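J.: structure for this input, please:
(one chain, ligands or ions: 4)
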Amino acid sequence: MALINFGGVEENVVTRDEFPLNKAQEVLNGETVAIIGYGVQGPGQSLNLRDNGINVIVGQRQPSRSWDRAVEDGWEPGVNLFSIEEALERGTIICYLLSDAAQIQLWPTVKKHLTAGKMLYFSHGFGVAYSDKTGIVPPADVDVALVAPKGSGTSLRRLFVEGKGLNSSFAVHQDATGKARDRILALGIGVGSGYLFETTFIKEVTSDLTGERGTLMGAIQGLFQAQYEVLRANGHSPSEAFNETVEEATQSLYPLIAENGMDWMYANCSTTAQRGALDWKDPFYEATKPVFEKLYASVKAGIEAQKSIDSNSQSDYREKLQKELDELHNSEMWQAGRAVRALRPENAPSVKKEELV
Ligand SMILES: NC(=O)c1ccc[n+]([C@@H]2O[C@H](COP(=O)([O-])OP(=O)(O)OC[C@H]3O[C@@H](n4cnc5c(N)ncnc54)[C@H](O)[C@@H]3O)[C@@H](O)[C@H]2O)c1
Ligand SMILES: CC(C)(O)[C@@H](O)C(=O)O
Ligand SMILES: [Mg+2]
Ligand SMILES: [Mg+2]
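T.: Residues are numbered from 1 along each chain as shown. Ligands and ions are numbered 1, 2, ... in the order given. Alright, predicted model coming up:
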């Protein structure tokens, strides 16, 4: 563990220095890591583990698009790609990476294969923290732990390929073998995490549900949409409204925040922008803080988890969800976004580039 000072608060975290890959390989020697589900996290985690020299197999239902994708990614049926049941049987570490709703449905099957000494691994606290709603109560003689990458499985793989890493949280819920901590840290390093910080299942699910509903997805879409609409209503073109709302943020300013922080980004804009942004950050803070308080309370009360379970269990859930996602896709702002992205020089058709030569 490395003791790091985070703005005056010291935390113990795990980095690749304390837990190098060769240690992870040693800890996982003799284990069969079974990745159950090949949706978003499944591919990222299984491919990173495989490339890190860990013995991995994939369990996915067939026929499905995810099965076909696994084959395209190099997993071989009967060698390291199996039906879910067979992977559950073969695995000593079961990485339960079905969607959170499907985890509830498949739980009786998974439970059957959790013999003494195996590890049940999650990437979200949901199933276990809300066991009263999900029915997921693991047997006492298995290890139960999580590694939750703080980002999409797509980024987990992309960053790994680029030699970088996505940070993850980890938690041990149940240590039946006395080896749960080493096993979960080895998996955390193996899936390609940057640094790992410790949490609990309930803290992970509470912060994760807040973050994705808040600044990571829900709040940012609401904020983008509000500003875009105000600009459009006042006669600004879609191009101007989109560039001033989204494109400049993602292409110019957010990468600067990622590199060196908001303070540094402020310092690299004009004094005019600095004055205005310093004046206006407070009204935005005051307007949104009560919304974040309300969101956190809703998560903490289990309302958000229940809503997610209820909506996912409706027979027409996929169609309803698709309709809402289509509305987002077809909104003027995101249509404008597609046009703007197509105009990025790196996306211009090659024929145009040839003309330039
Ligand atoms: N999506 C992310 O990037 C992300 C990030 C961090 C944590 N997580 C967590 O990781 C876990 C996996 O999430 P995901 O987004 O990768 O899942 P997903 O929604 O992509 O689904 C994964 C797999 O579940 C399979 N599946 C769905 N319903 C099924 C059923 N009834 N029977 C059998 N298989 C079924 C699908 O075929 C798919 O391969 C979840 O706990 C999630 O909260 C996800
Ligand atoms: C990628 C996210 C939003 O961080 C994850 O939490 C998810 O549920 O997909
Ligand atoms: Mg989440
Ligand atoms: Mg998340």
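J.: now the single longest helix found in the chain: buried residues?
T.: Longest helix in the chain by number of residues, with DSSP state H as the criterion: helix 271-300. By neighbour count on 16 or more other C-beta atoms under 10 Å, the buried set for helix 271-300 is 288, 295-296, 298-299. Every residue, glycine included, has its C-beta placed from N, CA and C.
J.: any bit of that helix sitting next to ligand 2?
T.: No: Helix 271-300 is not in contact with ligand 2 by C-beta under 6 Å from any ligand atom; minimum separation 12.4 Å.
J.: for stretch 305-319, same thing?
T.: No: counting by C-beta under 6 Å from any ligand atom, ligand 2 is not contacted by stretch 305-319; separation bottoms out at 10.0 Å.
J.: list the contacts of residue 173.
T.: Listed by C-beta atoms under 8 Å, 6 or more residues apart in numbering, the contact set of residue 173 reads 128, 144-146, 200-201.
J.: could those residues go into a markdown table alongside neighbour count, distance to ligand 2 and pLDDT?
T.: Converted to a markdown table, the contacts of residue 173 look like this (neighbours: other C-beta atoms under 10 Å; distance: C-beta to the nearest ligand atom, whole Å; pLDDT from 0 to 100):
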| residue | neighbour count | distance to ligand 2 | pLDDT |
| --- | --- | --- | --- |
| 128 | 25 | 16 | 98 |
| 144 | 27 | 19 | 99 |
| 145 | 24 | 18 | 99 |
| 146 | 30 | 12 | 99 |
| 200 | 15 | 16 | 98 |
| 201 | 24 | 14 | 98 |
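J.: which positions in this structure make contact with ligand 2?
T.: The interface of the chain toward ligand 2, taken as C-beta under 6 Å from any ligand atom, is made up of 151-152, 208, 212, 216.
J.: for the longest strand seen in the chain, buried residues please.
T.: If you go by DSSP state E, the chain has its longest strand at strand 166-174. By neighbour count on 16+ other C-beta under 10 Å, the buried set for strand 166-174 is 166, 168-174.
J.: and that strand, how far out from the chain's middle?
T.: 13 Å (C-alpha atoms, centre = their mean, to the nearest Å).
J.: wait, isn't residue 85 in contact with residue 108?
T.: No: Residue 85 is not in contact with residue 108 according to C-beta atoms under 8 Å; the separation is 11.7 Å.
J.: and these two? which has more neighbours close in?
T.: residue 85 (16 against 9; other C-beta atoms under 10 Å).
J.: so where do the helices sit in the stretch 201-350 of the chain?
T.: Applying DSSP state H, counting those that start in this stretch to the stretch 201-350 of the chain gives helices spanning 201-213, 218-233, 238-242, 248, 254-260, 262-267, 271-300, 303-312, 317-330, 332-342, 350-356.
J.: need the ones you listed in a markdown table (columns: distance to ligand 1).
T.: Output for the helices of the stretch 201-350 of the chain, formatted as a markdown table (distance: least, C-beta to the nearest ligand atom, whole Å):
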| stretch | distance to ligand 1 |
| --- | --- |
| helix 201-213 | 7 |
| helix 218-233 | 16 |
| helix 238-242 | 26 |
| helix 248 | 26 |
| helix 254-260 | 18 |
| helix 262-267 | 24 |
| helix 271-300 | 14 |
| helix 303-312 | 9 |
| helix 317-330 | 10 |
| helix 332-342 | 20 |
| helix 350-356 | 32 |
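J.: fine, thanks again, bye for now.
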